[in-house]
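Peer 1: Structure for the following, please:
(2 chains)
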Amino acid sequence: MTLVINEEQNMLKSSAKELLDLKSPISLMRKLRDDNYNQFDSNLWKEMVEMGWTALTIPEKYNGLNFGYVGLGQVLEETGRNLTVSPMISTVLISTTLISLSKNEVLKSKLFDEIMSGNKLCTLAHEESSHHNRNVDLSIVSKNKEKFILNGKKRFVIDGSISDYLIVSANSESTGILNLIIVDSKSKGITFDNKVHMDSKIYSDISFNNVELSKDYFLSTEEDGQKILEKTFDIACVGLAAEMLGNIQQAFEMTMQYLKEREQFGVKIGSFQALQHRSAIMFGEIELCKSIVLKALQSVDSDSENLPELASLAKSKLGLTAKLVTNEAVQMHGGIGVTDDADIGFFLKKTRVAQRIFGDSNYHLDRVAKFNNY
Amino acid sequence: METQLKVDLTDFRLETRKWLEENCPMSMRGPVTDAKQLYWGGRKGKFNSEDQKVWFERMLEKKWIVPYWETKYGGGGLSSVQNNILNQEMQRLGCRKPHINFGISMLGPALLKFATEEQKIYYLNQICRGEIRWVQGYSEPNAGSDLANLQTKAEDKGDHFLVTGSKVWTSYGDKGDFIFCLVRTSSESKHTGISFLLIDMSSDGVSTRPIKLISGKSPFTETFFDSVKVPKKNLVGTLNDGWTIAKYLLTHERQMIGGIGETEKKKALSEVAIESIGITDGLLSNDSIRSKIANLEMNEKIFELTIQRALDEHKAGNNSGAVSSFFKYYGTELAMQKEELRLEVNGFNSTEWTSEESNNGVYARYFCRSKGHSIEGGTHEVQLNIIAKRVLGLPSK
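Peer 2: Residues are numbered from 1 along each chain as shown, chains lettered A, B, ... in the order given. Predicted structure coming up:
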C-alpha cells in the first residue's frame, strides 16, 4: 500500500477542515472553558452527526459508512488542529471501535444505531491508577447466571460527565476472566467525581457501589474480553496520535507565522538563526510523525498483524514530538506565550494530557523494545 | 493495450530473473562488507577477483552498467518500471552492483540535464563502459559551507582555460581519472561567476595529497591545479552559470549521503546489545541503554517510512515537502547517534584501535568517520538554513 491518502480521504479531510474552521474555531473551545468547563456543544455535535462522522468506521451491515480509520484519522487531525471539544474521542474513536469488535449482535446493532444518530454518548471506564495499565483489579460477583454485582472505582474516564453509557472493564471474581460490560451511567449506585484537567476537559473518577449488571449487556464472551480490550487500545492509540498530529501541526504553523510577524531589534525574529534551526528540526520531526500516523492508520484498515507495534511507535513518537513542538511554540512566542490571552498555551496543555491517555511515550517505547525481544 | 503491457513486464521479470541466475557469479551475491568488493573502474581500475571481472563484463555486454540511460548514451534503455524490476530481481538474488562510479550517481544526472548532445554521447558512453573514474572538486580551503566563495580560477586563454587553485575533500582524489570542478570564471558576482568544468587529472600541473582523518584512514585528498590547460569543450552548461548545476548536483549528493540506497547492512543494535550486555527476564539488562536503543530504533523505522512516503507522494504527483536537505540532515544524524550508542553498547571492546579481534578497530573507526557525516555534503547547519528559508519561508531580516 502506498503511503498517501486517496482522493476520497482527502475530500473528507477538506470538508472536516471547512466545517471546523467555521463552527469550531479555537475561540469556541475558550468560550466553553469560560462557561464553567462546558464539555459539550449540542449544535456542533449535531453538525458532526449530519456530516456522518459518528458512522465513519461502522460497517455497512449496520448502516454505517465503512469509511475506515484512515478516514477517521483525517477528521481527528482536523479536530486536533482546532482543539475541538466533542465526544469524537470517547464515543466515536474508543467506544465504537470496542463495540465493533464485540460478538453480541443484538447489543451491537442497538448501540450503533444510538451512536450514529448522535442520541447517545458512550465512553470506556478502564483505568484504575495514574499510569495506563491494560490489566484491571476491579471485579464483579455473580448473583446468579443472569445478574452480576459491580463494586469498586474507575478513574480518569474521558467524557464521563456527559456520557449515557459506560463500558466497564472488570474481572469475574470466580474465574478471573476479563469482561466488558455496558452500564447505564444513571444506574443506581454510581457516583461521579468530575475533575477538570489541564486541557480544560473533565475526566471522571467513578465509584460503583453494588451496581447491578445484566448478562444482556456484556459485550465480551468468556474468551474475547482481553483481546477486544487490547485491540481497542491499539486502535485508540493510533487515533489519539492522529489528533496529536493535528495539535502539533497547528501549533507549529501558528509559531512560524509569529516568527514572520514579530519584530525585535528592528528585524523579524524569524531571521534569527537560533530560532531558524530549531524550527527546521521541528519541521523534520513533524514529517516523521505524518509518516507513522498514516502507516498505523492503514494497518488498522488492513487488519495488519503489525498494528500493535505500529500503534506503539505512533503513540511514542507523537508524544515525544508534541512535547518538543509545544514547548518550542510557547518559548518562541516569548512573554505572550505564557499568557492566557494567547491560544498557543492551549496546545501545550492539550498534548500533555493526551500523552497520558492509554500510555505515554515511556510506556510505548518499553512495549516497542519488548516486541523486538530486548 | 494495458494487458499487453502487463504481459510484457511479466515476461521481462522472468527473463531478467533467469538471466541473473545464470550470469551472476555466486561470489558476487550477498551484502557488501568491504569497499574492495566493489569495482570502481577507470584507467587504473583493477578487478579484485576473476568473478568480479566476469560479472562486470557480462553486465557491460547487456548494457546494464547504467540500465536506465538511453542506448545512444551507452545505457540499457530500460523504462523506469523495467529498471525497478531489474533492481528488485537483483536485490532478490543479492546481486552486487557491477560497477560503482560518481560518474553514474552524480555527474551523469547533471550531464543529462545541462550538457550538449555531443558531450553527453562522449562522456556518458565512457561512463557506461566504466573507463573513467570520476571524482568531484567542489570545496576549497576557504569555501566549505560558503561554497560559492570558491577561488580556483579558470582564465580564458582563447582556445583553452588556464586553471589555477586547489580543491579539498576530494573523495578518492588519488584514484580519479577526471574531476568535475566548480571554477571561478568571473569575479564580478559571487554566484554568477562560477562555471562547471571537466578536467583530466593526467594533465600537467594536477597533483593530489591525501588527507588523514581522525579515523586513521584517508578517503579524501587535496587536489592542486598549477596552470593546468583545459580545452574549452570541457565546459558544461553556460559560462558563469555553473552554480545552477552545482545546486542540482548537491541535491543528488544529499540523497546519497542521507542513506537512500545504502548498500551495507549491519546487525540491529538491539541484537548486538543482547550479546554484549545480556538479558534479564526478557529485558535488556541495562535500562538506560535499553531506552536509548528503543528511541533510536523507533526513529530509524519511522525515518524509513518517511523515505517511502516521500517516494509515494512524488509518484502521486504531490510535493511531500520533505526536501533533500531534511533527508541529508536526519539520515546522517541517526547514523551518528547509532555509532555513538554502539560505543555505549560495546563498552571497552568498541574503543580498540588496532587489534585483530576488533578487526583493526572497525567500530572505533566507524565512530570517528561518522563525525564527518554532519559536515560533508553541506553541514547540518547549512541544511537547517535551507529548510528554514526555502521550506518554512522564514525571513532573512
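
Peer 1: Can you say which helix or strand has the residue nearest to B:Tyr68 when sequence neighbours are not counted in it?
Peer 2: Excluding its sequence neighbours, the residue lying closest to B:Tyr68 (C-beta to C-beta, 6 or more residues apart in numbering or on different chains) is B:Asn83, at 4.3 Å. From N, CA and C alone the C-beta is placed, and that goes for glycine too. Taking DSSP states H and E as the criterion, B:Asn83 maps to helix B:80-93.

Peer 1: just checking, what packs against that helix?
Peer 2: Under the contact criterion of 3 or more C-beta pairs under 8 Å, 6 or more residues apart in numbering or on different chains; DSSP states H and E, helix B:80-93 touches helix B:2-23.

Peer 1: what's the distance between A:Glu7 and chain B?
Peer 2: 10 Å (C-beta to the nearest C-beta, to the nearest Å).

Peer 1: ditto for A:Thr232
Peer 2: In terms of C-beta to the nearest C-beta, A:Thr232 sits 23 Å off from chain B.

Peer 1: number of nearby residues for B:Leu295?
Peer 2: Check again: residue B:295 is Asn, not Leu. B:Asn295 has 19 neighbours, counted by other C-beta atoms under 10 Å in any protein chain shown.

Peer 1: before we move on, what about B:Leu162?
Peer 2: For B:Leu162, using other C-beta under 10 Å, the count is 15.

Peer 1: Please tell me the pLDDT value assigned to the closest residue in space to B:Thr185 that isn't next to it in sequence.
Peer 2: Counting by C-beta to C-beta, 6+ apart, the nearest residue to B:Thr185 once its immediate chain neighbours are dropped is B:Ser195, at 4.3 Å. pLDDT recorded at B:Ser195 is 97.

Peer 1: same question, A:Leu32
Peer 2: Predicted confidence (pLDDT) for A:Leu32: 98.

Peer 1: thought it was touching A:Ser42?
Peer 2: No - the pair A:Leu32 and A:Ser42 does not pass the contact test of C-beta atoms under 8 Å, sitting 11.5 Å apart.

Peer 1: More neighbours: these two, which one.
Peer 2: A:Leu32 (18 against 8).

Peer 1: give me the element that one is part of.
Peer 2: Following DSSP H and E, one finds A:Leu32 within helix A:26-34.

Peer 1: buried ones in that helix?
Peer 2: A:Ile26, A:Leu28, A:Met29, A:Arg30, A:Leu32, A:Arg33 (16 or more other C-beta atoms under 10 Å in any protein chain shown).

Peer 1: mind checking how far the residue sitting furthest away from the middle of chain A is from B:Lys397?
Peer 2: Here chain A reaches farthest from its C-alpha mean at A:Gly266, the gap being 43.6 Å by C-alpha atoms, centre = their mean. Distance of A:Gly266 to B:Lys397, computed by C-beta to C-beta, to the nearest Å: 9 Å.

Peer 1: B:Tyr366 now?
Peer 2: 42 Å.

Peer 1: Does stretch A:64-80 reach chain B?
Peer 2: No - using C-beta under 8 Å from any C-beta of the partner chain, stretch A:64-80 stays clear of chain B, coming no nearer than 13.4 Å.

Peer 1: and if you look at stretch A:241-250?
Peer 2: No - judged by C-beta under 8 Å from any C-beta, stretch A:241-250 and chain B are separated, with a smallest distance of 11.5 Å.

Peer 1: Show me what that stretch is in contact with.
Peer 2: The contact list for stretch A:241-250, computed with C-beta atoms under 8 Å, 6 or more residues apart in numbering or on different chains, reads A:72-74, A:76-83, A:89, A:286, A:289-290, A:292-293, A:296-297, A:311, A:314-315, A:317-319, A:321-322, A:325-326, A:347, A:350-351, A:354.

Peer 1: now the strands: where do they sit in chain B?
Peer 2: Secondary structure of chain B (DSSP state E): strands at B:134-137, B:153-156, B:160-171, B:178-184, B:194-200, B:206-211, B:220-231, B:235-236, B:279-280, B:283-284.

Peer 1: And chain A, by the same measure?
Peer 2: Using DSSP E, strands in chain A cover A:122-125, A:139-142, A:147-158, A:165-172, A:178-184, A:190-196, A:202-214, A:263-264, A:267-268.

Peer 1: Check whether B:Lys63 really touches B:Leu78, as I assumed.
Peer 2: No - with contact defined as C-beta under 8 Å, B:Lys63 does not reach B:Leu78; the gap is 9.0 Å.

Peer 1: neighbour-wise, which of these two wins?
Peer 2: Higher neighbour count among B:Lys63 and B:Leu78: B:Leu78, with 21 against 17, using other C-beta under 10 Å.

Peer 1: With B:Leu9 as the reference, measure out to that one.
Peer 2: Taking C-beta to C-beta, one finds B:Leu78 at 11 Å from B:Leu9.

Peer 1: Up against chain B, what does the stretch 201-350 of chain A have?
Peer 2: Checking the stretch 201-350 of chain A against chain B by C-beta under 8 Å from any C-beta, the hits are A:256, A:259-260, A:267-268, A:270-271, A:273, A:275-277, A:279-281, A:283-284, A:287-292, A:294-295, A:313, A:316-317.

Peer 1: Appreciated, that's everything.
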